[in-house]
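> sequence first, predicted coordinates after that:
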Amino acid sequence: MRDTSPYYTVVSTTVSQVTGDGNDNQEVQIKMAKSVRRWEVFPGKNKFYCNGRIMMARQAGVFYLTCALIIITSGLFFAFDCVYLAQNVTPAIPAIGGALFIFVMATLLRTSFSDPGVIPRASAEEAAEMERQNEVANPNSPGTYRPPPRTKEVVIKGQVIKLKYCFTCKIFRPPRASHCSLCDNCVERFDHHCPWVGNCVGRRNYRYFYLFILSLSLLCIYIFACVLTNLILRAQDDNFLTAMKDSPASVIEALVCFFSIWSVVGLAGFHSYLTASELTTNEDIKGTFTAKRGQDNFNPFSKGSLLKNCLGVLCGPNPPSLLDRRGMVVPEPEPVSHVSVVQAEKDANAVSAHHEYYGSTQKTNNMGTNTVADRSVVVVNEESSPKKRDMISYQSPDGSINNKVPSVNGSGVIPAQNCIGKKNHIWDMTLNQLDYLGHRVNIYPASHGSVNYYRDPQEAPTRGELYVHSAGYPRSDDHQKYVLSRGVSADFPSVNY
Amino acid sequence: MDTQRSPHTKVFIQRDFSEGIPVKFQTRYPPELEGRVDRATYESTINTINEMFAEAESTGSRTYCESCFACLTAYLALMCMDTFYEKTLKKVRRYLEEQNQRIYMSRGVMIIDPAERGLRILEIDISSIDTPQR
Ligand SMILES: [Zn+2]
Ligand SMILES: [Zn+2]
């Protein structure tokens, strides 16, 4: 079975095949394959914690500052002022403060840790289809690569909205969506990227963000008022200076609150205006819906009245995350689909990604420059020194090759893995059934049309290879693919032809 | 290996944004389905999906109650309950599975759950190996 094909040479590495027989090895590999969740190969620049449950932007230093400021100030307030005020005024003061503090922290953490409404990137097939349609639209230059049209127009309630094409995500952005350059994601109803909360603010977390700002400004005012009361009450017994000496914490809190109140309250006011007029910060800054050049411009997303808009933002539906971050990357291999194929994107902006096994990639061929015409399977070998870790190597738009270990922060850039995961499994099975109906066993890749960075059960520990397969792959090449797959992997006993 | 073309033709049904952001798919009948699925059957499927999404995206009393309740618990309740929208996604999924098995699979057509594609598009796979009985 190990017939060498001309497309590659077998490279042995120092990692020996210790696990004696193939079955054991296969089992181990399948286990390994199963342990990769989709957040680990998420293409955007995000950080994930708690096995994908928590999602944040990569740079979150300012977020920790926000947390520290709120917690320390409130802590001082509860530890010093509240004790005095509860004894001398009313115990309701710490109770109200506590409730406000819990609400502020809950909304802050929810804003920071949740998916802001990231739109999953297009699968390779979807992107290829887009290009194919474009080729039809531009028949003058068949075969030559040409970027898809940059805009598409839709009419929403009589208002013409331009949909821009995102070259990174390979989609026409839905109305109101925008690409966050810091997180490298398209976000639905993008508001802005807020470093203070360490996340984008978009459709899914704008509500929490707005409530956070609102409750934070309340908390600020509340603490400031209580601290002043405390100081004034103490000053009644003595003069103001000794009161400040008696409780120095109050002075610190008063200063912090005094300086933050203006910006926080101002921001809350601004976002109240945005909420009431159903605008995003992005649209407000760009003036998307302001009348210009005599055109009658209005906001087609407004629900008509200020109250309705506010209710829509605060009590509207809770759209679920579309990322399926905790889904598995590789569905459990089925016998029929034992072919390792990685589809590479081919246009200039594409991050040509491939999984490779135990190899390092200083000498990777320039995979991202494949043209449309180049549809052959390319198998590249790595001859560099092996590393005992899986790496994801990707090509950045400027052509350089980068390597990433996909473990901690899920930063490997891989295009379009969005259709692989726990949910996909059933669809694959049914698709195979569909083929059986046609009395033919088809070795279509497991995820049919999505990128499938497949860990080949036999080969993974010994060699560094990568399988690249251009997106618009014609089916007549099936045989070639099959041979190649046989070549690079040890055995596919269950593939019937 | 005698096939010259892909055993799966894929049709991507785009979103219909004419009413704003809410999820809605275009109801135009794709010509690729000609001879496999008749127009009425296809349109009723798409319309049913669109209705389900429209219900989830509407701000009815149900979502108001849900959101207010979640807000009162400082959104901690959302950690342990499915929102109405999530239930709708599951409903759409179940509906499509049922439709595929009952109608489309036997005609070599399969509609992929749009949640698999991030609700951006509705993908329809058409198997060209299995020629339908006309
Ligand atoms: Zn984008
Ligand atoms: Zn961002």
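Looks like it came in fine. Ligands and ions are numbered 1, 2, ... in the order given.

> in chain B, what residue comes closest to ligand 2?
Ligand 2 sits closest to B:Gly118 of chain B, with a gap of 17.6 Å, by CB to the ion. Just so you know, the C-beta spots here come from the backbone N, C-alpha and C atoms, and that holds for glycine as well.

> near that residue, how many other residues are there?
Number of residues near B:Gly118 (other CB atoms under 10 Å in any protein chain shown) recorded here: 23.

> now do A:Gly75
With neighbours defined by other CB under 10 Å, the count for A:Gly75 comes to 13.

> Three-state assignment for it, please.
helix (DSSP: H, G, I helix; E, B strand; the rest coil).

> ok, now how distant is A:Gly75 from chain B?
The gap separating A:Gly75 from chain B is 19 Å, by CB to the nearest CB, to the nearest Å.

> can you list the weak-confidence ranges in chain A?
Chain A contains residues with pLDDT under 70 at A:1-34, A:134-149, A:291-295, A:330-497.

> typo on my end, it should be chain B
B:1-7, B:129-134.

> contacts for stretch B:52-64, please.
For stretch B:52-64, the surrounding residues in contact (CB atoms under 8 Å, 6 or more residues apart in numbering or on different chains) are A:311-312, A:315-319, B:22-24, B:84-85, B:88-89, B:91-92, B:95.

> likewise for stretch A:174-182?
Contacts of stretch A:174-182 (CB under 8 Å, 6+ apart): A:45, A:57-59, A:119, A:154, A:156, A:161, A:163, A:166, A:168-169, A:173, A:185-190, A:193, A:200, A:203, A:280, A:282-283, A:301, B:15, B:17, B:20-21, B:120.

> can I get the buried part of the residues you listed as one PyMOL selection?
In PyMOL syntax, the buried subset of the contacts of stretch A:174-182 is picked out as below (16 or more other CB atoms under 10 Å in any protein chain shown):
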select buried, (chain A and resi 45+57+119+154+156+161+163+166+168+169+173+185+186+187+188+189+190+193+200+203+280+282+283+301) or (chain B and resi 15+17+20+21+120)
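
> could you pick out the longest helix of chain B?
Identified as the longest helix of chain B according to DSSP state H is helix B:39-57.

> list the buried residues in it.
Going by 16+ other CB under 10 Å, helix B:39-57 has these buried residues: B:Tyr42, B:Thr45, B:Ile46, B:Ile49, B:Asn50, B:Met52, B:Phe53, B:Glu55, B:Ala56, B:Glu57.

> what's the answer for stretch B:105-119, then?
B:105, B:107-119.

> from the contacts of stretch A:174-182, which ones fall inside helices?
A:Asn282, A:Glu283.

> run through the contacts of stretch A:174-182 and flag the ones next to ligand 2.
A:His193, A:Cys200 (CB under 5 Å from the ion).

> strands - which of the contacts of stretch A:174-182 land there?
Mapping these onto strands (DSSP state E) picks out A:Ala57, A:Val154, A:Ile156, A:Ile161, A:Leu163, A:Cys166, A:Asn185, A:Cys186, A:Val187, A:His193, A:Cys200.
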